[in-house]
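Q: Sequence and predicted structure are below.
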Amino acid sequence: MTFSSFLTPARTLPADAERAVLVGRLWQPSLAGPSVVRVDGDALIDLTHLFPTMSDLCEAEAPARAVREAKGNRVASLGDVLANTPVESRVIARPWLLAPIDLQAVKACGVTFAVSMLERLIEERARGNPDAALAIRSGIRDLIGDDLGNLKPGSPEALKLKDMLLARNMWSQYLEVGIGPDAEIFTKAQPMSAVGHGADAGLHPASRWNNPEPEVVLVVSSSGAIVGATLGNDVNLRDIEGRSALLLGKAKDNNASCAIGPFIRLFDESFTLDHVRRMELALRIDGPEGFVLNGGSVMSKISRDPADLVRQMIGPEHRYPDGAVLFLGTLYAPTDDRDVPGQGFTHKIGDIVSVSSAELGCLVNRMVPSGEAEPWTFGTRNLMRNLAARKLI
């Protein structure tokens, strides 16, 4: 299949799209800037005259109701926009899809599932060397097992396990945030830098051991209210982060390495945080050599409740006046070998990564070297000037 064949309305939208309140962003060449849009069947309705930014929309008292009641003009069909989004087939005069966020801070949680916690520990012990991962994985699981799903972070049982690991010189920064009281919450990317559905996603060329991370991304207002959710791929460079946690910025914040979309589904009577808590995510990787890998993540196995993670992200000590989005982490940690026995999975250039759920649709991106992905040039300064020229602010 070609990359474009993954980008159809039927593949993109949630299973119950007819009742979902879906909003996103569109690049409009005629305006030299973005528009905030609502999905209405196959039509994209421009709401920018009411909500100049997605951040503005998410600050509304009741975003889903405000979007339902909003009047706007049809600007394009979803099918046409999706077909025009891949850079190699793009007609510059026609609209294409963007990531559905703009001014929000882009934050992410790590080590929120037991399996991913063990894999981070393996990366640390292996010092980023995939050749050492297999033996280390076996030794760690022999010691502490891999069924930590019922262990509540910060609980007396977790502290007992911590004492045991300390006594064996096995304590780790990853175990600290995995079973300790404080979650790992870091800055994944800069506001305005995320790529959307149908875009190329970037891999740092220095990495030789990496994988996708299929995640739910919560959308949070400046007051801390969770107003909706979307899908994300928090691309993980296992070798670079495994060498040192102090290389997190190099491992995470690369050109095009943060993929979010396809749309934000706003919370309403048909979709709530409880749906997120029960959500199942599917992952599929289609390699250029015919390789196929299927995986996923099950939100019911998360170690910390999503609402608690949001409370740890935003509050009196951590303020985000334009709101924030929060990647919730993933259960998925690929260990199946792709090429070399014992080295597990790593990306190849040209991999097509699909992250999907029945409730949020499907986010599809193709992996390229980060320096070869579309450069990020349209930042906050450009957005403000563009909106001012359009007399929207």
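A: Received, thanks.

Q: Which helix or strand contains the residue lying closest to Lys250 once chain neighbours are set aside?
A: Of all residues not flanking Lys250 in the chain, Ile240 sits nearest, at 5.8 Å (CB to CB, 6 or more residues apart in numbering). All C-beta atoms are positioned from the backbone trio N, CA, C, and that covers glycine. Following DSSP states H and E, the helix or strand that holds Ile240 is helix 238-243.

Q: and what of Leu283?
A: Assigned by DSSP H and E, Leu283 belongs to strand 280-286.

Q: Output the below-cut-off pLDDT ranges for the stretch 101-250 of the chain.
A: Low-confidence segments of the stretch 101-250 of the chain (pLDDT under 70): 114-124, 127-128, 131-134, 136-151, 168, 170-171.

Q: Show me where it has its strands.
A: Here the stretch 101-250 of the chain has its strands, by DSSP state E, counting those that start in this stretch, at 105-110, 184-189, 200-203, 210-211, 214-220, 226-234, 236-237.

Q: Could you dump these into CSV and include mean neighbour count?
A: Formatted as CSV, those follow (neighbours: other CB atoms under 10 Å):
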stretch, mean neighbour count
strand 105-110, 25
strand 184-189, 21
strand 200-203, 24
strand 210-211, 24
strand 214-220, 26
strand 226-234, 26
strand 236-237, 27
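
Q: Among those, which comes closest to Phe263?
A: Among these, strand 226-234 comes nearest to Phe263, with 6.6 Å by CB to CB.

Q: contact partners of stretch 57-71?
A: 21, 23, 36, 38, 45, 47, 50-51, 104, 219-222, 227-228, 264, 266-268, 323 (CB atoms under 8 Å, 6 or more residues apart in numbering).

Q: Might one say that the residue nearest to Lys250 is in contact with Pro205?
A: No - counting by CB atoms under 8 Å, Ile240 stays clear of Pro205, with 11.1 Å between them.

Q: Looking at the two, which one has more neighbours?
A: Of the pair Ile240 and Pro205, Ile240 is the one with more neighbours under other CB atoms under 10 Å, namely 22 against 12.

Q: all helices of the stretch 251-393 of the chain, in order?
A: Ranges of helices in the stretch 251-393 of the chain, per DSSP state H, counting those that start in this stretch, are 273-278, 306-313, 380-389.

Q: Quick check: closest non-adjacent residue to the residue positioned nearest the centre of the chain.
A: With distances taken as CA atoms, centre = their mean, Gly232 lies nearest the centre of the chain, 2.1 Å away. What sits nearest to Gly232 in space, not counting adjacent residues and going by CB to CB, 6+ apart, is Val217, at 4.1 Å.

Q: Would you map the helices across the stretch 51-200 of the chain?
A: Going by DSSP H, counting those that start in this stretch, the stretch 51-200 of the chain shows helices at 54-58, 63-69, 78-83, 114-126, 133-144, 156-167, 173-179.

Q: how about the third one: buried residues?
A: Across helix 78-83, burial judged by 16 or more other CB atoms under 10 Å covers 78, 81-83.

Q: quick one: the residue lying farthest from the centre of the chain from Pro156, how far?
A: Computed with CA atoms, centre = their mean, the residue of the chain farthest from its C-alpha average is Ala167, at 36.6 Å. Distance of Ala167 to Pro156, computed by CB to CB, to the nearest Å: 17 Å.
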